[in-house]
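**Student:** Give me a 3D structure for the following:
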Amino acid sequence: MNKGNVAVLLSGRGSNFSAIVRASRAADANFTVRLAVSDRADATGLKRAARLGIPAHHVAPRAFADKAAYETAVCALLERERVELVCLAGYMRLVGPVLLSRFAGRILNIHPALLPSFPGLDAQRQALRHGVKVSGCTVHFVDAGTDSGPIIAQRPVAVHPGDDEEALSRRILVQEHRLYPLAISLFFSGRLQIEGRTVIVRE
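**Tutor:** Numbers count the residues shown, from 1 in each chain. So this is what the prediction gives:
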């Protein structure tokens, strides 16, 4: 089986990165993780990558004149590894025009809410403040907006009485680890078709 090449961009602990790598090593996986890239030298995800035997790179934004130059350097790494899909996993930067153009329709993100509700930072806190009974997570294509791209898949998570941000986040994260690899697999199966703002999963 020919496997699709994935890169993961991260800024923090890398738990979704680890889940993606584990899924990629299943016998029937249709993708492989080629590398991890972080904008932060202290990202725990870089250490996870080393333990998992995945090449990891720190690319410091401050080392470049502007966002375009930074993203050009990141793209050079991705293209060297023949990356076909870029997965954001706790990557705390808005994707700019360079990445969006080089990997048009080939960047995914996971967000800890049922979009379009509660985009941006602190999604779990937003959900609790609004008193919703169901939250969850969403995998979507990335566009120039904030968590605004076409939705691929979602998974609901009940909000329990007495939940705080940490408890809700933990339960959502369990579902994130299941949903993200599924969405990546769907991408490489060739079954995803974007029609306007709708992503159709073909049988």
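**Student:** got a list of contacts for stretch 126-133?
**Tutor:** 113, 117-118, 135, 158-159, 163-165, 168 (CB atoms under 8 Å, 6 or more residues apart in numbering). From N, CA and C alone the C-beta is placed, and that goes for glycine too.
**Student:** and what of stretch 136-147?
**Tutor:** Applying CB under 8 Å, 6+ apart, the external contacts of stretch 136-147 come out as 88, 94-95, 97, 100, 105, 107-116, 119-120, 149-157, 172, 175-176, 179-180, 183, 194, 199.
**Student:** ok, of those residues, which come out buried?
**Tutor:** Buried by 16 or more other CB atoms under 10 Å: 88, 95, 100, 107-115, 119, 149-155, 157, 172, 175-176, 179-180, 183, 199, out of the contacts of stretch 136-147.
**Student:** quick one: strands adjacent to the lowest-mean-pLDDT helix or strand in the chain?
**Tutor:** None of the helices or strands of the chain scores lower by mean pLDDT, DSSP states H and E than strand 192-195, at a mean of 92. Pairing partners of strand 192-195, with direction, according to DSSP bridges: strand 198-201 (antiparallel).
**Student:** List the buried residues in the strand it pairs with.
**Tutor:** Buried-residue list, strand 198-201, by 16+ other CB under 10 Å: V199.
**Student:** can I get the CA coordinates of that strand in CSV?
**Tutor:** Extracted C-alpha coordinates of strand 198-201, given in CSV (Å, rounded to 0.1, in the frame of the first residue of the first chain):
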residue,chain,number,x,y,z
THR,A,198,-19.6,21.3,2.9
VAL,A,199,-17.2,18.3,3.0
ILE,A,200,-18.9,15.2,1.6
VAL,A,201,-17.5,11.8,2.5
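**Student:** circling back to that earlier point, can you flag which of the buried ones among the contacts of stretch 136-147 belong to helices?
**Tutor:** Residues of the buried ones among the contacts of stretch 136-147 located in helices (DSSP state H): 100, 172, 175-176, 179-180, 183.
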